[in-house]
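**Student:** Let me see the structure of the following:
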Amino acid sequence: MFRMHKNASMWGKNLIDKNGPIKFEFDLYYIFLLVGLGMGRTKILEDEDSKEFTRWYPKSYQSTKHKVAMLLLYSDLKVSGFDISNRQIVKSKIEEILSSDSESLLSDVAGKQLNNYANGGFEVIREKLDVAPGDVSLFLSIIYDEIFPDLFNF
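**Tutor:** Okay, the predicted model is just below:
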């Protein structure tokens, strides 16, 4: 289910270090995802331009799947311009996005949306940093200082 653009994987591969704060590819994906959701930015992720790097949430992220589902719901409603106080619209969106039959809690359509938001987040970061810094601390500092203040202000 979790897919990342091949360019995003290549761009961030040197940031991944099992002894650092970005231990595996899902950590990088999660940063891209939060930025994409927070900026309300998506970019279509085509299957031929991406690779599935894991099917399920890693163990260390199992507790976040409810939060991710709600952030996706919230961001998608806001970006779409829907009135989030309209119960019927919110109910319809919940039915579209959530799936009790899925390990991730997301429908197949929502899984694709999630990957599109992560891809959009990668594009936001790449606009600030054409090349990933060699130092993960510098990378996280730039994300925190230059991008996080703008999240969820749409």
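
**Student:** Show me what secondary structure element comes after the longest helix seen in the chain.
**Tutor:** Determined from DSSP state H, the single longest helix within the chain is helix 108-128. Following helix 108-128 in sequence order, the next helix or strand is helix 136-142 (DSSP states H and E).

**Student:** Val124 against Glu146, yeah?
**Tutor:** No - the criterion here is CB atoms under 8 Å, and Val124 misses it with Glu146 at 10.1 Å. Using the backbone N, CA and C atoms, a C-beta is placed for each residue, glycine as well.

**Student:** The two - which one has more neighbours?
**Tutor:** Legend: neighbour count by other CB atoms under 10 Å for Val124 and Glu146, higher for Val124 (19 against 12).

**Student:** Roughly how far does that one sit from Lys59?
**Tutor:** Per CB to CB, to the nearest Å, Val124 is found 28 Å from Lys59.

**Student:** check contacts around Val35.
**Tutor:** Arg41, Gly120, Gly121, Phe122, Val124, Ile125, Ile143, Ile147, Leu151 (CB atoms under 8 Å, 6 or more residues apart in numbering).

**Student:** which stretch of helix or strand covers Val79?
**Tutor:** Counting by DSSP H and E, Val79 is found in helix 65-80.

**Student:** So for this protein, which residue is the most central one in space?
**Tutor:** Leu33 (1.5 Å; CA atoms, centre = their mean).

**Student:** mind pulling up the phi and psi values for Arg3?
**Tutor:** phi -120, psi 150 (degrees, to the nearest 10).

**Student:** isn't it right up against Thr54?
**Tutor:** No - contact criterion CB under 8 Å: Arg3 and Thr54 do not qualify, at 9.3 Å.

**Student:** Who has more neighbours out of these two?
**Tutor:** Arg3 (24 against 15).

**Student:** So which bits of the longest helix of the chain are buried?
**Tutor:** Residues of helix 108-128 classed as buried by neighbour count (16 or more other CB atoms under 10 Å): 110-126.

**Student:** got the angle for that helix vs helix 65-80?
**Tutor:** Interaxial angle of helix 108-128 relative to helix 65-80 (axes from the mean of the first three to the mean of the last three CA atoms, to 10 degrees): 70 degrees.

**Student:** what's helix 108-128 in contact with?
**Tutor:** 1-5, 7-8, 11, 29, 31-39, 41-45, 50, 68-69, 72, 75-76, 96-99, 102, 104, 106, 142-143, 146-147.
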